[in-house]
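Peer 1: requesting a structural model of the entry that follows:
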Amino acid sequence: MISIIIPSMQLTRDRNLWRFFALSFSIEDTIRSIVENVKGVRYEVIVVCNGLQDQDLVTFVKGSMHITKYCLNSVNVGVSRAWNMGANMAEGETLCFLNDDVEVGEGCLEALCEVLNSDEKVGEVGPNGGKWDRLTSGERVGLERVEEAEEISGFLFMLKRHVFEEIGGFDVGYTPAGFEDIDTSFAVRARGYRCLVVPGLKVKHYGRMHGVSARAMTIKYLSTEVTTEELYARNSARFLRKWYPQG
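Peer 2: All right, here's what the predicted structure looks like:
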């Protein structure tokens, strides 16, 4: 069984003015795409609400017949902690981490699961990934064939449960967001597993519409707040200390 873990903070998002006329996408749409298009595997849907400020989201999560389990956090605990919470609630041996602004097409999760379980040395898979140079994403790989990557993009990826446990879960030091997905791929590879990109999947990510990386903003989390500029500086420094200690 695949445990699909979706953190979410808002049911209806504020629009990015630079992309005001682009199509919006919400967790309702994400879950609808799962229900309509995931047919070849058993799955459960786990939603982690990062804060209770959007009561429409809370009402939707509580009332949806398609959400198997949910967690309602009183505050924004960040991406890494939300992922960890979802994984701790999961019953599947395959953990799928999915943004709440991703449209899952027919056969997408089935194909990822098949590649993930094709070899014991495969630890992580996703539809997008590539090479990495310190703080910069490099050449995209896996465009025409399944290919090994240094990092898998965080909007959709799968981990084997035992690999998740071996790496100790997600590093909460990157809270609230930023570099936790790259850090995870580095940790998977450091344990001797391979990260693979699977091409040709029907999946669309709407993150440029309203994601943290889409605009400058102040993020409130736990009992504090941080600007996107401050967050990038802090998390990039942490990433470099951890994975490039020799400079």
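Peer 1: quick check: residue 30 touching residue 105?
Peer 2: No: counting by Cβ atoms under 8 Å, residue 30 does not reach residue 105; the two are 11.8 Å apart. (Glycine included, C-beta is placed from N, CA and C.)
Peer 1: tell me which of the two has more neighbours.
Peer 2: Higher neighbour count among residue 30 and residue 105: residue 30, with 23 against 16, using other Cβ atoms under 10 Å.
Peer 1: tell me if I am right that that one is in a helix.
Peer 2: Yes: membership of residue 30 in a helix is supported by DSSP: H, G, I helix; E, B strand; the rest coil.
Peer 1: quick one: contacts for it?
Peer 2: For residue 30, the contact set (Cβ atoms under 8 Å, 6 or more residues apart in numbering) comprises 6, 98-104.
Peer 1: please indicate which of those residues are buried?
Peer 2: For the contacts of residue 30, a burial check counting by 16 or more other Cβ atoms under 10 Å picks out 6, 98-104.
Peer 1: quick one: low-confidence parts of the chain?
Peer 2: 13-24, 208-215 (pLDDT under 70).
Peer 1: biggest helix in it by residues?
Peer 2: Longest helix in the chain by number of residues (criterion: DSSP state H): helix 228-243.
Peer 1: can you pull the buried residues of that helix?
Peer 2: 228, 231-232, 235, 238-239.
Peer 1: ok, those vs residue 132, which is closest?
Peer 2: Using Cβ to Cβ, residue 239 is the member of the buried residues of helix 228-243 that lies nearest residue 132, at 10.0 Å.
Peer 1: on that earlier part again, need the contact partners of the longest helix of the chain.
Peer 2: Looking at helix 228-243 with Cβ under 8 Å, 6+ apart, the contacting residues turn out to be 134-135, 171, 173-174, 176-179, 182-183, 186, 212-213, 215-219, 226.
Peer 1: export the buried residues of helix 228-243 to TSV and append columns for distance to residue 109.
Peer 2: Shown next, in TSV, are the buried residues of helix 228-243 (distance: Cβ to Cβ, whole Å):
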residue	distance to residue 109
228	30
231	30
232	31
235	29
238	31
239	29
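Peer 1: residue 157: which of those residues is nearest?
Peer 2: residue 239 (17.4 Å).
Peer 1: picking that back up, may I ask which two of the contacts of residue 30 are separated the most?
Peer 2: 6 and 103, at 12.8 Å, using Cβ to Cβ across these.
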